[in-house]
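Fold the following, please.
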Amino acid sequence: MSLAISNDARYVAMISSLNNEFIIWDWTAENDEPLFRKELDANPQTFLTFNPENSSELASNSLHEVIFYHFDEKNLTVHIPDLPEKDFNKPIGNFSQTAFKPGSTEALAGSKDGSVTVFDNDGLAENGAYKRVLKLVKLIDDPITVVTNFEDLVAVGSKDGAVRFYDSQLRIKNWYGTFDSGCVDSISFACNDKNSSEGSESAQAIPAESTLTAEPFIVTDFTISTNESIICHVPAKTNKVKKLLQEHDDAVKAIDTHPVSNYIAVGSYCGLLKIWDYIEKSEVNCRAFGLGNEITAISYDKIGEFLAVGFYDGTILILDSTTLETIQGGEFSHAKALITQLAFSHDSIFLAATDLDDTTTLIKRTSDSENEWSYIGRNKAHYKSIVNVIFGIALDSNVPRLLTLGMDRNLVEYDILNSTEDNLIVMSTDKIEQSATPVSCAWYPPINKEHFLLVANSEYKYKLLNATTKRCRKTLLGPTHGSHIQKIVNLGYPEDKHYIAFITEDKIGMTTLPLDGNPHNTTALLAHCDGASNVVACPHSRFLFTVGGKVCRMWEVNPEVLHATAALGGSGLAPFYQLLEGGKEGPLAKEMEEYFYYSQMRSQSVATTEHRKVGQYVALEEVPNIMRALGFYPTELQVQDMINEVKFSQYVDTGKTVSEVDLETLIKLYCNHRPVFGLPLFKVYDAFNTLAGAEGDGRIDRGLLLSLLQNKGEHISEPELAEYLASLLELYGSATNKEDKMSSVPPAEAATTLEKVLPEVIDADMFTGHVLGFMPAAMAE
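Numbers count the residues shown, from 1 in each chain. So this is what the prediction gives:
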């Protein structure tokens, strides 16, 4: 959108970026309706300005054209002059800004080749909108980025950072050299007297023109803004530039909050590190590392004494958090790739860093007076990107623990106490996911007797892992707000209330603890249209901070809204029935209830004639069968996780295991464990393409497929595979008696039978339709 206001502050004009529509208002009138609006048949306009001497004339430009406007009480005239390149024997265009020349009917359009195109009224034109190209004037070699005027002078800003002044005949009068602040984006002149300053000064203080006559050059002080997000004040009498403001002009990825004070540190790819007081909204300190020193990660230690900064080239600096000066011996260059994360231990003795080479680096604080911190070692314990580095505390001690979580699905713990120089020792490596990719982790607040590590994965699930054994203790439905979670952080709150905050691809959200899979316990809203990349919480959890693109946003936490949302969603099983197709009275809920009671019959033998007992519980071993009957086909690992989740749900409190499950628990298990979006058909095709290889065209030899099913992933023995396929293909009768028939069939006979019914080459359509009996249309939905 381009916007302009007339010099007499009467008219406001804009050009919409959506439909390229020109609109002008008289904002002093009581009527809110615009004076004129017209959709332009032209390229999208990038700049709009009023004639400072005639508010009824305007000009706008795109890269390839200039448009002039004139309006009166009744009519709006819009004219696009022709650009006669043949007449000038050179291309005309690449316009940046347009300005009206003071004291004349001419207009100037600056170009990126360093020239200005001069327009003037076309002969006996009825108004100033009808202009034509008069001439081209080469001013400088660098691209012109700003064209404006000051009284009878034309001011030009350029890519080299200089501001030049020209007279009405475009002859140089004076210039202010490069300010080392980037390309000039705008020029604004002060309203005070020309060349005024505090105190009386002699006339000799006024600068001279850059002409042979060297007459006094009289202009007011002015400010410039640059493409490096810098605003500078330029005194007219000197060339001494004062920076008024410097902000981030590149992606902001690194943020962290001070553990004690109301400070937030923000670092960006432009090499700028700023400390803000987020209560007073004021800048506390700033350090510019310069271009080529992209800041990618920052972290305060737990008492706020140090601030660690990671860079794109793998360098790590440990700064004094107050002065932002590098402490003695606080520079480490052992990593050769971008630093992705930094974390201090709870006692501020250890600092861990991860980089883009999937390597973890450990640094330790020492008592050496010359080097306060020393390098311990590095270890490439992951073969895919590391998504989290986290310190914890060992149970019943004050010993720090260091863990990293990778996209290779491995959770790695390091033996930091026994690690020596150049030798960071791995204590354990645990694979915590089977098909999903872990995306973030955090320590679960101490609201249970059992100590948990909370992990979010790419399949919209939360998993609670036992902090000691690393085994999955609970799987819960996570937020489903457009994309999976990118990062989670803890929010401790007064009165023993706990929450977690998270970001997805573009949203920020909160969830009430303890987690139970209830979707109404979570809320989220749009945070960054161009993507959220990081989130942190302040120590008292009143505020959250997110970054995305070049923007850092501050959010106030209001948990009462979250509680109100949860209350509206209902209590007990009501939120979980809403997750079932058709709700509580729908066919799926009824089918689940029927399977629940049928499983009780199975446990008492289907063929028995004795009196049956129907109760409120079903044997835990029946849960996998019920899930499969409902269309959810868990892997053996998922089956084990479900059984263990129920079996040990009361063990910490009572010391006893659970062997039965009621209908309420079964419904919650189903809602929390089943895939959020089912099994899309494209995943089956992708799997066959992967197994078939580059030249397989998605078709797999029968023998190879049977071999892969037996030897890869969760292994299946040959008799089991024959039994499963025979059951799916109904080779031995109806469902009422096929189990007994299959159990008596020799494996060799079963294998021979399968060779007869399965084609030599199998593709995804044949496997899903003929073997599994799925309808492709249903899977696609």
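
what residues are up against residue 34?
Shown in contact with residue 34 (C-beta atoms under 8 Å, 6 or more residues apart in numbering): 23, 24, 25. For the C-beta atoms, the positions are set from N, CA and C on the backbone; glycine is no exception.

Would you reformat these as a markdown table and include pLDDT?
Shown next, in a markdown table, are those (pLDDT from 0 to 100):
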| residue | pLDDT |
| --- | --- |
| 23 | 94 |
| 24 | 95 |
| 25 | 94 |
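
Report the buried members of the residues you listed.
Buried members of those, scored by 16 or more other C-beta atoms under 10 Å, are 24, 25.

mind listing which of the contacts of residue 34 are in helices?
Assigned to helices by DSSP state H, none of the contacts of residue 34 qualify.

Return the member of the contacts of residue 34 nearest to residue 396.
Distance to residue 396 across the contacts of residue 34 (C-beta to C-beta) is lowest for residue 23, with 69.9 Å.

My understanding was that the closest one contacts residue 14; is that so?
Yes: Residue 23 is within contact range of residue 14, at 5.5 Å (criterion: C-beta atoms under 8 Å).

re the thing from before, so which of the contacts of residue 34 is the closest to residue 587?
For the contacts of residue 34, the minimum distance to residue 587 (C-beta to C-beta) is 54.6 Å, reached by residue 23.

beta partners of that closest one?
Beta bridges link residue 23 to residue 14, residue 37, judged by DSSP bridges.

Could I get the contacting residues of it?
Contact analysis of residue 23 by C-beta under 8 Å, 6+ apart lists 13, 14, 15, 16, 34, 36, 37.

Ramachandran coordinates for residue 395?
Dihedral angles of residue 395 (phi, psi; degrees, to the nearest 10) stand at phi -60, psi 140.

actually residue 656, not the one I wrote
phi -120, psi 150.

In this structure it contacts residue 650, no?
Yes: applying C-beta under 8 Å, one finds residue 656 in contact with residue 650, separated by 6.4 Å.

Give me the more crowded residue out of the two.
residue 650 (12 against 9; other C-beta atoms under 10 Å).

In this structure that one contacts residue 658, no?
Yes: between residue 650 and residue 658 there is a contact under C-beta under 8 Å: 5.8 Å.

pLDDT value on the residue nearest to residue 150 when sequence neighbours are not counted, please?
Of all residues beyond its chain neighbours, the one nearest residue 150 is residue 189 (5.2 Å), with distances taken as C-beta to C-beta, 6 or more residues apart in numbering. Looking at residue 189, its pLDDT stands at 90.

and if you look at residue 447?
87.

count of residues packed around it?
With other C-beta under 10 Å as criterion, residue 447 counts 12.

cool, residue 664 as well?
Residue 664: 12 surrounding residues under other C-beta under 10 Å.

Same check on residue 718?
So residue 718, with other C-beta under 10 Å, has 14 neighbours.

Give the phi and psi angles for it, as a check.
phi -60, psi -40.

quick one: contacts of stretch 160-174?
Here stretch 160-174 has contacts from 101-104, 116, 118, 137, 139-140, 142, 150, 152-158, 175-184, 187, 207-211, 217, 219, 222, 224, 226, 234, using C-beta under 8 Å, 6+ apart.

Mind doing that once more with 6 Å?
For stretch 160-174, the surrounding residues in contact (C-beta atoms under 6 Å, 6 or more residues apart in numbering) are 137, 142, 153-157, 175-179, 181, 209-210, 217.

before we move on, back to that, now the contacts of residue 34 as JSON lines including distance to residue 400?
Formatted as JSON lines, these follow (distance: C-beta to C-beta, whole Å):
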{"residue": "23", "distance to residue 400": "62"}
{"residue": "24", "distance to residue 400": "65"}
{"residue": "25", "distance to residue 400": "63"}
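
Residue 627: which of the contacts of residue 34 is nearest?
Distance to residue 627 across the contacts of residue 34 (C-beta to C-beta) is lowest for residue 23, with 59.7 Å.

Could you check how far the closest one is from residue 30?
Applying C-beta to C-beta, to the nearest Å, the value for residue 23 to residue 30 is 18 Å.

Just the ones of the contacts of stretch 160-174 in strands?
Among the contacts of stretch 160-174, the members falling in strands (DSSP state E) are 137, 153, 154, 155, 156, 157, 175, 176.

chain center to stretch 681-697: distance?
Relative to the centre of its chain, stretch 681-697 is centred 31 Å away, using C-alpha atoms, centre = their mean, to the nearest Å.

Actually, stretch 357-374.
On the basis of C-alpha atoms, centre = their mean, stretch 357-374 sits 30 Å off its chain's mean C-alpha point.

Flag every buried residue along that stretch.
357, 358, 359, 360, 361, 362, 363, 364, 365, 373.

The first one: what secondary structure?
Yep, that's residue 357 we're talking about. coil (DSSP: H, G, I helix; E, B strand; the rest coil).

got a list of what it touches?
Residue 357 touches residue 337, counting by C-beta under 6 Å, 6+ apart.

give me that answer again for 10 Å
Listed by C-beta atoms under 10 Å, 6 or more residues apart in numbering, the contact set of residue 357 reads 314, 335, 336, 337, 338, 340, 378, 380, 382, 385, 386.

The third one is in what secondary structure piece?
With elements delineated by DSSP states H and E, residue 336 resides in a region that no helix or strand encompasses.

I'd say it and residue 359 touch.
Yes: with contact defined as C-beta atoms under 10 Å, residue 336 reaches residue 359; the gap is 9.0 Å.

intersection of neighbour lists for the two?
residue 314.

Mind checking which of the contacts of residue 357 land in strands?
Within those, residues falling in strands by DSSP E are 340, 378, 386.

I'd like to know which of the residues you listed are buried.
By 16+ other C-beta under 10 Å, the ones in strands among the contacts of residue 357 give 340, 378, 386 as buried.

surely the last one meets residue 404?
Yep, that's residue 386 we're talking about. Yes: contact criterion C-beta under 10 Å: residue 386 and residue 404 qualify, at 5.2 Å.

residues shared between the contacts of these two?
341, 354, 358, 359, 360, 410, 412.

who touches the fourth one in this structure?
Right, the one you point to is residue 359. 314, 334-337, 353, 378-382, 386, 404, 424.

Make a markdown table out of those residues and add distance to residue 717 and pLDDT.
Supplementary listing: these in a markdown table, determined by distance: C-beta to C-beta, whole Å; pLDDT from 0 to 100:
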| residue | distance to residue 717 | pLDDT |
| --- | --- | --- |
| 314 | 49 | 96 |
| 334 | 49 | 94 |
| 335 | 47 | 93 |
| 336 | 47 | 90 |
| 337 | 44 | 95 |
| 353 | 46 | 97 |
| 378 | 43 | 95 |
| 379 | 38 | 96 |
| 380 | 36 | 96 |
| 381 | 33 | 96 |
| 382 | 33 | 97 |
| 386 | 37 | 97 |
| 404 | 36 | 98 |
| 424 | 41 | 95 |
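
now these as TSV including distance to residue 573?
Formatted as TSV, those follow (distance: C-beta to C-beta, whole Å):
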residue	distance to residue 573
314	52
334	54
335	51
336	54
337	49
353	46
378	50
379	47
380	47
381	43
382	41
386	39
404	39
424	48
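
Can I have the buried ones of the residues you listed as a ChimeraX selection?
Remark: buried members of the contacts of residue 359, expressed as a ChimeraX selection using 16+ other C-beta under 10 Å:
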select :314,334,335,353,378,379,381,382,386,404,424
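
between the contacts of residue 359, which is nearest residue 464?
Of all these, the one sitting nearest residue 464 is residue 404; the distance, using C-beta to C-beta, is 18.7 Å.

which SS state does that closest one fall under?
With three-state DSSP as the basis, residue 404 sits in strand.

Residue 674 contacts residue 630, doesn't it?
Yes: using C-beta under 10 Å, residue 674 is in contact with residue 630, at 8.0 Å.
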